[in-house]
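Q: This is the structure alone, sequence omitted:
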């Protein structure tokens, strides 16, 4: 075994700030077998006290303590690792590098080198570095502040929607945010709900849902609106116009930023932000998308309020409001926490961690919007009026289950022609069962069967999910189960729920189809099935 110190000229190597100033070699037990004078000088020990000792035992000074932190045991042959250390006063800094593997000495396993670092960067490099760091911190903090403002706005709008605020008041709040985030001087919302299965907009009536500010005056010209909606049907990206389609310039507006309002792939409207500047600031398009999503939420909440005029619709609204609070609101609250944490890190200059929080914020925001859009899909009762029960079920499976990767099948047998109250009740039962399969069952496959034979109806919704104990009173008394039983009771039908752990679940509804003579109406216009036992 080699046991001696190489007598290098310490001063010569220390003068060369970029060269190796210290070298040591150790065997597989980390016993130091070779060290030069510079290495001993860094340890502040004579060679006799350096050799034949493990490299992890020199803890009497700053260099020895740094050396003991090197992860020798995790290195494989051919691997290397580097770390940095400095003395307490900070006037002596070195880079410690360790390589594992064979060397010229047959009993050597590790080679440790210490390279002195320049005490300070040249003034020009320091200036460039500090300028870049300052700009990075400012940019990161600005991005976090904008994300925090958008997240806070969405959270407040959700509270407004749950509190039954009027649509105009909610859109006034969106416009107020547009003024702060975009510097908007005007906002217009054009609304033209898509008909199920429709891909063109020529025959749609476009309403000016909202108009505020001193921006451009938009018309409701059919040709111009058809062209605008067709453009967004082809490409969903925001559009920047210096002279907007169908608009007459007004004082104070130089540019318009147009964002489509999408609900389940259909363009249902356009929100137009009028800006006083001739160009759109970086990040403005993303902010505009956030605001457009708020417009969709506000409109959906308004539709929900209109539905809540009957007792049944009021119960449905309360259920959706609870789901909005339990699912979407939790995600929105997480967004504000991530944004606040990112803002604090940005103020400290920790840009790498800021980027991580921004990524997590974006992922949580996407999840929140997914949950919101699923809720908004449930606020479209007109789909039954437009395409009937079979079409509504087919559209639901296509728009929700299949888009999440589930295998969804709809099987129809017989002549499906029911009274409106039956279609609504059956659709809501299907909706509840499908939501359970999607949210709780972890199912990969779902089947909906709707059949009519000899005046009797059979509806089945079956999935291959994790199932549950159908004899568990806590599960069977849950809100979803209670809702299905109540709807079945109103239709004078029978409900069967079959499930077991790891065996999927099947919801079955059986009922006799009433004839027109059996249907009576009370003074409120709600149908009641007669003759049921």
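A: That came through, no problem. Keep in mind that what you see is a predicted model, and the values were worked out from it rather than measured. Numbering: from 1, shown residues only.

Q: so for stretch 234-250, what's the average pLDDT?
A: Average pLDDT, stretch 234-250: 64.

Q: try stretch 271-281
A: If you average the pLDDT over stretch 271-281, you get 85.

Q: how long is that stretch end to end?
A: End-to-end span of stretch 271-281 (CA to CA, to the nearest Å): 18 Å.

Q: next one: stretch 402-418
A: Using CA to CA, the two ends of stretch 402-418 sit 26 Å apart.

Q: So which bits of that stretch are buried?
A: For stretch 402-418, the neighbour count (16 or more other CB atoms under 10 Å) marks 406, 408, 410, 416, 418 as buried. In this view, the C-beta of every residue, glycine as well, is placed from N, C-alpha and C.

Q: Show me which of these is closest to residue 503.
A: If you rank the buried residues of stretch 402-418 by distance to residue 503 using CB to CB, residue 406 comes first, at 17.8 Å.

Q: and the gap between that closest one and residue 398?
A: Separation of residue 406 from residue 398 (CB to CB, to the nearest Å) stands at 11 Å.

Q: ok, now residue 94?
A: Counting by CB to CB, the gap from residue 94 to residue 398 is 65 Å.

Q: Looking at these two, which is more packed in?
A: Counted by other CB atoms under 10 Å, residue 94 and residue 398 do not tie: residue 94 has more neighbours, with 21 against 14.

Q: Who are the contact partners of the more buried one?
A: By CB atoms under 8 Å, 6 or more residues apart in numbering, residue 94 lies in contact with 21-22, 42, 63, 84-86, 114-117.

Q: Same question for residue 254.
A: Applying CB under 8 Å, 6+ apart to residue 254 gives the contacts 242, 275-278.

Q: What sits closest to residue 82 if chain neighbours are left out?
A: Counting by CB to CB, 6 or more residues apart in numbering, the nearest residue to residue 82 once its immediate chain neighbours are dropped is residue 97, at 4.6 Å.

Q: So which residues of the stretch 151-300 of the chain form helices?
A: With helices called from DSSP state H, counting those that start in this stretch, the stretch 151-300 of the chain shows them at 167-182, 222-234, 284-307.

Q: try the stretch 351-500 of the chain
A: Ranges of helices within the stretch 351-500 of the chain are 351-377, 382-396, 420-439, 473-476, 479-490, based on DSSP H, counting those that start in this stretch.

Q: Just name the most buried of those.
A: Among the helices of the stretch 351-500 of the chain, judged by mean count of other CB atoms under 10 Å, the one packed with the most neighbours on average is helix 420-439 (a mean of 20).

Q: Kindly state the domain boundaries assigned to the protein.
A: As given by automatic domain parsing, the domain ranges for the chain are 4-116, 383-529.

Q: tell me the mean pLDDT over the first one?
A: I take that to be domain 4-116. Rounded to a whole number, the mean pLDDT of domain 4-116 is 77.

Q: State the mean pLDDT of stretch 254-267.
A: Average pLDDT, stretch 254-267: 82.

Q: in that stretch, what counts as buried?
A: So, applying 16+ other CB under 10 Å, buried residues of stretch 254-267: 254-264, 266-267.

Q: Kindly report the same for stretch 76-85.
A: Within stretch 76-85, the residues that count as buried by 16+ other CB under 10 Å are residue 85.

Q: what does it contact?
A: 62-63, 66, 69-71, 75, 93-102, 117.

Q: Of those, just the buried ones, ChimeraX syntax please.
A: Command for ChimeraX that selects the buried part of those, burial taken from 16+ other CB under 10 Å:
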select :62,63,66,70,75,94,96,97,98,99,100
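
Q: Mark which of the contacts of stretch 76-85 are part of helices, please.
A: Members of those lying in helices (criterion: DSSP state H): 62-63, 66.

Q: ok, so of these, who is nearest residue 390?
A: Minimum distance to residue 390 across the ones in helices among the contacts of stretch 76-85 is 73.4 Å, recorded for residue 66 (CB to CB).

Q: any idea how far that closest one is from residue 91?
A: Computed as CB to CB, the residue 66 to residue 91 distance reads 16 Å.

Q: Equivalent analysis for residue 472, please.
A: Taking CB to CB as the measure, residue 472 falls 71 Å from residue 91.

Q: More neighbours: which of the two?
A: In this view residue 472 and residue 91 are compared by other CB under 10 Å, and residue 472 has more residues nearby, 11 against 8.

Q: Dihedrals phi and psi, the more buried one?
A: Main-chain torsions, residue 472, degrees, to the nearest 10: phi -80, psi 110.

Q: quick one: the nearest residue to residue 399 once chain neighbours are set aside from residue 293, how far?
A: Among residues not flanking residue 399 along the chain, residue 264 sits closest, at 4.7 Å (CB to CB, 6+ apart). Between residue 264 and residue 293 the computed distance is 14 Å (CB to CB).

Q: do residue 179 as well
A: For residue 179, the distance to residue 293 equals 18 Å [CB to CB].

Q: Of these two, give the one with the bigger neighbour count.
A: Set side by side, residue 179 and residue 293 show more neighbours around residue 293, with 23 against 15, by other CB under 10 Å.

Q: Spatially nearest residue to residue 413, not counting backbone neighbours?
A: Once flanking residues are discounted, residue 413 sits nearest to residue 451: 3.6 Å by CB to CB, 6+ apart.

Q: Kindly state the pLDDT recorded for that neighbour?
A: The model's pLDDT for residue 451 equals 95.

Q: what about it, neighbour count?
A: Close neighbours of residue 451, defined as other CB under 10 Å, add up to 14.

Q: quick one: low-confidence ranges for the stretch 401-533 of the chain?
A: Along the stretch 401-533 of the chain, segments meeting pLDDT under 70 span 515-533.

Q: Now do the strands in it.
A: 407-413, 445-453, 456-463, 494-499, 505-512, 519-521, 527-529 (DSSP state E, counting those that start in this stretch).

Q: Kindly reformat these as CSV and extend each row with distance to residue 49.
A: As requested, these are exported to CSV (distance: least, CB to CB, whole Å):
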stretch, distance to residue 49
strand 407-413, 73
strand 445-453, 73
strand 456-463, 73
strand 494-499, 75
strand 505-512, 74
strand 519-521, 103
strand 527-529, 98
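
Q: quick one: which of the ones you listed is nearest residue 426?
A: Closest approach to residue 426 among the strands of the stretch 401-533 of the chain (CB to CB): strand 456-463, 5.8 Å.

Q: Near the closest residue to residue 262 other than its chain neighbours, how many other residues are there?
A: What sits nearest to residue 262 in space, not counting adjacent residues and going by CB to CB, 6+ apart, is residue 236, at 6.2 Å. Other residues lying near residue 236 total 13 when counted by other CB under 10 Å.

Q: Thank you, goodbye.
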